[in-house]
Every structure is written in C-alpha cells, then in structure tokens.
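S.K.: Quick one, fold the following:
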Amino acid sequence: MNTLSRRRLLLAATSLLAAGGAQAQSPATTGLPPELSAELPGARPLGSATLRFFGLRVYDARLWVGGQPPGADWTAAPFALELLYARSLKGAQIAERSLVEMRRQGEIAEPVAERWLGNMKQLFPDVDAGDRITGLNVPGTGARFFVNGRLRGEPREADFARMFFGIWLSPRTSEPAMREQLLGLRGS
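M.R.: Predicted coordinates:
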C-alpha cells in the first residue's frame, strides 16, 4: 500500500478523533484536558503531532502520560491520546476507517470486527472543527473515550484498546513519523 493510500486510511480511521470550519487550537496552546486530571494523575504531555492530508490540517494529537512514559510494551501503561479536530468528519466514517487501520495491527475475526465497528459507531459522533476526542488506555481492561470532556463510552476489551491505540502507537502504524513525535522520540 502506498503512502497516499495509508494517509487516506488513517484520515478516515481517525475521523473518530477529527473536525471542519473554525480553526482548532494547537495542542501546544491547550492545557490538560479536565477529564484527565482525575483519570490520569500527574498527567503530562509526552509528544504531539499534526495529521495533514493534502496539506490540510485534519487534527492535532497529543499523547498524555502519568508516571512512566510508555516503553516497548506501550499497551501496559496508562496514557491518553487527545485529538483536537480541525475539520468536520462523520462519526460513522471515523469508525469505519478506524477498523481499517486497526486491521494493520493484526488479524481480527469477522464477528469481532463487526462488534467493534458497531461499538465505535456508537462511541464516535460526527465532529466539527474544535471538537476534541480523548481516548484513555486502561491497561489490561480496555479504554475510556471522552468527547469534549464528557464520558462517551468504555469498551472493556484489552484487545480492542491495543489495536485502536495501535493506529497511532504501534510500530505497524501507517504514520511512523507521527508515532515518533507522539512518543517523544522525534520533535514535532
């Protein structure tokens, strides 16, 4: 798959975490999302990145960590991935593209994929510029998702969380430069 196709898939997959119209704030200018003060004690930003598609900003992403930053086994650490959208995206498209990108992490049995897609369609609303979706990794349990600071849902499947956050953090991501920036391995 070429880079352009991967970017299109990531764009669609992250329609969950994206927005159109008004200018979104840069992650560098926003503080700790209020929902993380209770969910991720001592939270601090580890890295940030911007996803662009054909030069247009889709969203700004920040990876928040509590105590220790994620290491080689990033799934074992509590962290939050915050997406601040710069354009409007449909929630169903975000869910569908997310599943495509999740399949890059490994095989997903069809009944599981269908269940996850249905769950994501409920979790991910349509977003506009300035909307924020924050996903919290709960090691060994699953994930919690917040939309503009309000709890939206809690998928309690560790495999779902691993594959979902793998869209950005797995070595198999379609956006390796973004992964390096989020993990603080390379400047933005």
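S.K.: The chain: strands as residue ranges?
M.R.: For the chain, the strands defined by DSSP state E occupy 44-53, 56-65, 79-85, 132-138, 142-147, 150-153.
S.K.: Of those, which is nearest V112?
M.R.: The minimum distance between V112 and the strands of the chain falls on strand 142-147, with 13.7 Å, by Cβ to Cβ. (Each C-beta comes from the backbone N, C-alpha and C, glycine too.)
S.K.: Which strands or helices does the closest one pack on?
M.R.: Using 3 or more Cβ pairs under 8 Å, 6 or more residues apart in numbering; DSSP states H and E as the contact test, the elements touching strand 142-147 are strand 132-138, strand 150-153, helix 158-169.
S.K.: Export the ones you listed as TSV, with columns for mean neighbour count, mean pLDDT and distance to M120.
M.R.: Output for these, formatted as TSV (neighbours: other Cβ atoms under 10 Å; pLDDT from 0 to 100; distance: least, Cβ to Cβ, whole Å):
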stretch	mean neighbour count	mean pLDDT	distance to M120
strand 132-138	24	96	11
strand 150-153	13	97	9
helix 158-169	22	96	8
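S.K.: if we can go back for a sec, can I get the strands of the chain in CSV with distance to A161?
M.R.: Below are the strands of the chain laid out as CSV (distance: least, Cβ to Cβ, whole Å):
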stretch, distance to A161
strand 44-53, 18
strand 56-65, 14
strand 79-85, 11
strand 132-138, 6
strand 142-147, 4
strand 150-153, 12
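S.K.: Tell me the buried residues in the lengthiest helix in the chain?
M.R.: Ordering each helix of the chain by length in residues (DSSP state H) puts helix 110-123 first. Buried residues in helix 110-123, counting neighbours by 16 or more other Cβ atoms under 10 Å, are found at W116, L117, M120, K121, L123.
S.K.: what's the burial count for T75?
M.R.: Using other Cβ atoms under 10 Å, T75 is surrounded by 18 other residues.
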